[in-house]
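>>> Take this sequence and fold it.
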Amino acid sequence: MAKKPTGQAKYAAANYDADSAERPAGERWVTQHNALIRAGNGLTLSEKRLIAIAASKLNSYKPQKVGDVPSTRISAAEYAEQFNVDHRTAYEALKAASQHLYSRSITFYEMASRRRGKPLEPTVVTMRWVGRVHYQRGEGWVELYWWPQLLPYLTGLRNKFTSYQLEQASALRSIYSWRLLELLKRFADDDGKGWAEYTIEDFATSMDATENQRANFNNIRRRIIEPAVKELTEKDDWKIEWEPIKSGRRVSRVRFKFQKDNQLRLSI
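You can find the predicted model right below:
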């Protein structure tokens, strides 16, 4: 069930000034439609970081004009400062993105219309993150041109969206931790508390779990959930309790109860 934005998240979306996108990192927000939060996104950690920086520079409340496709330039120096890595790592991340980010796709589901009163299965939607990527050798910057059909999931958002400060994810070293952060923030109240429950299929899709991980819940537990919970607990002061829910002998759902005590920067 999608929650309506309230309090801090609603304020962040409604008052995000694109002209001030170069504000300090701690004041940037990443805002996405919940369809993207639940989707499999196929990104590596460095690619996720670039997409997040670029998304934080969009005005998520203001709709884009038809035919207006914004681009976002990210420098190696900006990447290094945001994620506390050395400049060589930042240059390599930008170079890798220029080679691979264009081919990354995102897959999510949209509710289909009824046919003769009968509900239809959700429509599977697959699209690119970006339509073009420019990388400037020797100067250390990459420019991302958003895929036009993706923009309604990042801009003009009034409901069914999730917002979090980019600073919250800056120290994370696992893509699974970042994805779990987004899945929990989707259901967090203004005090950072809440609970979330996902089917194993939905959770595995959101985490881009491998076929081997999907085949055995113990692999999801050991490779995805436990490391992600550990990193969020140690680096961002989350208190997370989780439990598998069985249908017969098979784990069919996973439930999280969580509390975030503050919005401080992740400790390195």
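>>> And Thr155, how far from Phe108?
To Phe108, Thr155 is 17 Å away according to CB to CB, to the nearest Å. Bear in mind the C-beta positions are built from the backbone N, C-alpha and C, glycine included.
>>> just checking, next helix/strand downstream of the longest helix seen in the chain?
For the chain, the helix that runs over the most residues, judged by DSSP state H, is helix 87-100. Next helix or strand after helix 87-100 toward the C-terminus (DSSP states H and E): strand 105-110.
>>> Which strands or helices does that next one pack on?
Here strand 105-110 touches helix 34-38, strand 123-128, going by 3 or more CB pairs under 8 Å, 6 or more residues apart in numbering; DSSP states H and E.
>>> residues of that strand that come out buried?
Neighbour-count burial for strand 105-110 flags 106, 108 (criterion: 16 or more other CB atoms under 10 Å).
>>> got the CA positions of it in CSV?
Extracted in CSV, the C-alpha atoms of strand 105-110 (Å, rounded to 0.1, in the frame of the first residue of the first chain):
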residue,chain,number,x,y,z
SER,A,105,17.3,-0.8,-17.8
ILE,A,106,14.6,-0.6,-15.1
THR,A,107,11.7,-3.0,-14.9
PHE,A,108,8.5,-2.3,-13.0
TYR,A,109,4.8,-3.0,-13.0
GLU,A,110,1.8,-0.8,-13.8
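>>> what angle do it and strand 123-128 make?
160 degrees (axes from the mean of the first three to the mean of the last three CA atoms, to 10 degrees).
>>> List of residues touching strand 105-110?
Residues from elsewhere that reach strand 105-110 (CB atoms under 8 Å, 6 or more residues apart in numbering): 35-36, 38-42, 122-129, 150, 205.
>>> for the stretch 51-200 of the chain, what spans make up the strands?
Assigned by DSSP state E, counting those that start in this stretch, the stretch 51-200 of the chain shows strands spanning 71-75, 105-110, 123-128, 130-136, 141-146, 161-165, 193-199.
>>> got any ranges where the stretch 151-268 of the chain has weak pLDDT?
Applying pLDDT under 70 to the stretch 151-268 of the chain flags residues 262-268.
>>> now the helices: where do they sit in it?
Assigned by DSSP state H, counting those that start in this stretch, the stretch 151-268 of the chain shows helices spanning 166-169, 175-185, 200-206, 211-215, 217-220, 226-236.
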